[in-house]
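K.L.:
sequence below, structure please.
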Amino acid sequence: MFNVIIIEDDPMVAAIDRQYVEMTAGFRVTGMFDGGISALKGADFDHTDLIILDYFMPEMNGDEFINQLHRTGWSPAIIMVTSANDTETVTSLFRHGVVDYLVKPFEYERFRSALERFSARMNVLSGTSGTVSQSDIDRLISPSFSGEPGKNTLAKGLNAPTLNLIRNFLKKHPEDSFTSEQISKEVNLSRITVRRYVNHMLEIGELTSTIDYQTGGRPGIHYKYCKV
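P.N.:
Okay, the predicted model is just below:
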């Protein structure tokens, strides 16, 4: 689960940002602030993965906030959500390391896409053994990157953060197999949701399945992650 703080001085936009974050699997809002100064004073950046940041705010704009944040030694990822769309501002913010940039007004699909790309990149990096290959880097910087290689196209109703949540759990137990009921308990998702995702992973060759007839009742299906 990724911890997100929102820094936005417009209460209506802040509420929309929060709603959109909470609609996206794998993310939760852990703090909301109406400006950069209040965030620097009150936010728990040590436990923050992502900041949703406005640019035009009283006392300190988004660029100034990022500069101050970096001086303090914190470096959570930042997605800009702002009406600032002049070339100078956009260029400056990307030079300061923002990972995505949404111009107001925006739709949920674009907002979700930004979160999913962030989630996918973080999952690739966390799944490495301390080093990354050139192919990993190429995937990370690809404009179309949204997850594992060959997994960018999801069936309708599926999303990358939920897929990665299940994938990462199974990756951590490569020698073990699990029923959908066991997976649902481990990742805190409904069994119906888990079944949809494991079926997708079976179709793309990311899982193998075996049938257990020794259950004393209805045979159980066990799923195991396989490297693809």
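
K.L.:
ranges for the strands of this protein?
P.N.:
Assigned by DSSP state E, the chain shows strands spanning 2-7, 27-33, 50-53, 77-82, 100-103, 207-212, 220-225.

K.L.:
surely residue 201 and residue 207 touch.
P.N.:
Yes. Counting by C-beta atoms under 8 Å, residue 201 does reach residue 207; the two are 4.4 Å apart. C-beta coordinates here come from the backbone N, C-alpha and C atoms, glycine included.

K.L.:
list residues touching both of the two?
P.N.:
Common neighbours of residue 201 and residue 207, counting by C-beta atoms under 8 Å, 6 or more residues apart in numbering, are residue 223.

K.L.:
which residues sit in contact with residue 7?
P.N.:
Listed by C-beta under 8 Å, 6+ apart, the contact set of residue 7 reads 32, 33, 34, 35, 36, 39, 51, 52, 53, 54, 57, 65.

K.L.:
closest one of the residues you listed to residue 131?
P.N.:
Nearest to residue 131, judged by C-beta to C-beta, of the contacts of residue 7 is residue 51 at 27.4 Å.

K.L.:
go through the strands of the chain and pick out the most buried.
P.N.:
Per residue and on average, the most neighbours among these fall to strand 50-53, with a mean of 26 (mean count of other C-beta atoms under 10 Å).

K.L.:
put the alpha carbons of that strand into PDB.
P.N.:
Only the C-alpha atoms of strand 50-53 are listed here, as PDB (Å, rounded to 0.1, in the frame of the first residue of the first chain):
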ATOM      1  CA  LEU A  50       4.000   9.900  -3.100                       C
ATOM      2  CA  ILE A  51       2.900  13.600  -2.900                       C
ATOM      3  CA  ILE A  52       0.100  15.100  -5.000                       C
ATOM      4  CA  LEU A  53       1.200  18.700  -5.300                       C
END
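
K.L.:
can you list the strands that it pairs with?
P.N.:
strand 2-7 (parallel), strand 77-82 (parallel) (DSSP bridges).

K.L.:
show residues contacting it.
P.N.:
By C-beta under 8 Å, 6+ apart, strand 50-53 touches 2-8, 17, 21, 27, 62, 65-66, 76-82, 98, 115, 118.

K.L.:
quick one: contacts for the closest residue to residue 197 other than its chain neighbours?
P.N.:
Spatial nearest neighbour of residue 197, chain neighbours left out: residue 166 (5.1 Å); criterion: C-beta to C-beta, 6 or more residues apart in numbering. Residue 166 sits next to 183, 187, 189, 194, 197, 198, 201 when contact means C-beta under 8 Å, 6+ apart.

K.L.:
tell me the one of the residues you listed nearest residue 13?
P.N.:
residue 189 (29.8 Å).

K.L.:
so the closest one versus residue 41, what's the distance?
P.N.:
Distance from residue 189 to residue 41, counting by C-beta to C-beta, to the nearest Å: 36 Å.
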